[in-house]
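Student: next come a sequence and a model predicted from it.
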Amino acid sequence: AGVPAMHVSIPRLAVTLDMAIRIVVDEMGPELAVTSHLLKQGRNTVASEVRFTDAGSGELVALGYLTFMTSARPQDLSPPIPGGMAFDGSMPVDFPERVGLRTVAPGITELERRPFLLQAAGSLQGGMVALLGEMAAESLTGRPVIELDARFFTGVRVGPGRATAEVVGDGVVRVEVRDSGNADRLAALVTARVAASPVLADR
């Protein structure tokens with residue numbers, strides 16, 4: 001979803017305003033196909049839909065909605081824009097492990113700023129911030145997240161990013177993500193809905 005946003009914002013950087021993900025099935029095959037398209041393009045904002053489908057059956061697995069805006073900071077410039085994002089492959093380890101996310105305690109996760117996790121302005125990518133919230137919710141409840149809603153307020157520019165989760169309702173978790181090295185500033189607020197049981201965690 002980020003490439004179309006970059007085309008709109010150039011030469012300034014496109015930053016994530018919000019992100020919502022909804023899983024719509026309980027089971028799927030071993031491979032996902034992921035595509036995105038623009039829903040609305042304005043002067044300073046772009047809204048996109050991302051569809052996750054089972055690569056074998058074509059069945060819809062999840063929907064994502066993201067909004068980007070042009071950064072208000074004049075020093076935040078766009079990197080070179082790739083011609084596309086088509087690729088295929090898999091990871092030998094789980095994604096949170098791959099990026100170095102750690103669970104400090106049930107409901108608390110941390111992630112250091114590492115070069116390959118940063119956007120062009122030097123702060124953690126929006127997806128990494130959302131991942132902090134997701135894993136904090138899962139570690140607190142022991143259940144997989146099936147819906148995720150993230151609102152981004154400022155970048156995690158010093159780090160580590162630290163997420164703290166609390167259960168606020170039946171299957172609903174509220175997570176604050178803060179830049180612990182930058183006066184503990186609130187970077188994002190994530191609301192997650194978890195599955196009724198931990199069964200989905202093994203899919």
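Tutor: Here it is on my side, so go on.
Student: C-alpha only now, for contacts and for neighbours.
Tutor: OK.
Student: next, count neighbours for Y65.
Tutor: Residues lying near Y65 (other C-alpha atoms under 10 Å) number 19.
Student: quick check: the residue lying closest to it once chain neighbours are set aside vs L39, distance?
Tutor: Leaving aside its chain neighbours, Y65 sits nearest to E49 (4.7 Å; criterion: C-alpha to C-alpha, 6 or more residues apart in numbering). Distance, E49 to L39, by C-alpha to C-alpha, to the nearest Å: 7 Å.
Student: give me the number of residues near the residue nearest to Y65?
Tutor: Counted with other C-alpha under 10 Å, residues neighbouring E49 total 19.
Student: packing partners of the strand or helix carrying it?
Tutor: Assigned by DSSP states H and E, E49 belongs to strand 45-54. Applying 3 or more C-alpha pairs under 8 Å, 6 or more residues apart in numbering; DSSP states H and E, one finds that strand 45-54 makes contact with helix 2-9, strand 32-41, strand 60-70.
Student: closest to A120 out of those?
Tutor: Closest to A120 of the helices and strands packed on strand 45-54 is helix 2-9 (C-alpha to C-alpha; 11.2 Å).
Student: got the buried residues for that closest one?
Tutor: Going by neighbour count (16 or more other C-alpha atoms under 10 Å), the buried part of helix 2-9 is 2, 4-9.
Student: in TSV: these, plus pLDDT and distance to M19.
Tutor: Below are the buried residues of helix 2-9 laid out as TSV (pLDDT from 0 to 100; distance: C-alpha to C-alpha, whole Å):
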residue	pLDDT	distance to M19
G2	80	12
P4	76	15
A5	79	14
M6	79	16
H7	77	19
V8	78	18
S9	78	18
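Student: ok, of those, which one's closest to A55?
Tutor: Nearest to A55 among those, with distances taken as C-alpha to C-alpha, is G2, at 21.9 Å.
Student: so what's the closest one up against?
Tutor: Neighbouring residues of G2 by C-alpha atoms under 8 Å, 6 or more residues apart in numbering: 14, 68.
Student: what's the answer for L32, then?
Tutor: Going by C-alpha under 8 Å, 6+ apart, L32 touches 52-55.
Student: the helices and strands packed on strand 45-54 into TSV, with extra columns for distance to F116?
Tutor: TSV is the format used below for those (distance: least, C-alpha to C-alpha, whole Å):
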stretch	distance to F116
helix 2-9	16
strand 32-41	21
strand 60-70	20
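Student: for the spatially most central residue of the chain, give its distance to D170.
Tutor: The centroid of the chain falls nearest to G127 when counting by C-alpha atoms, centre = their mean (2.7 Å). According to C-alpha to C-alpha, G127 stands 25 Å off from D170.
Student: having no further points to raise, I will conclude here.
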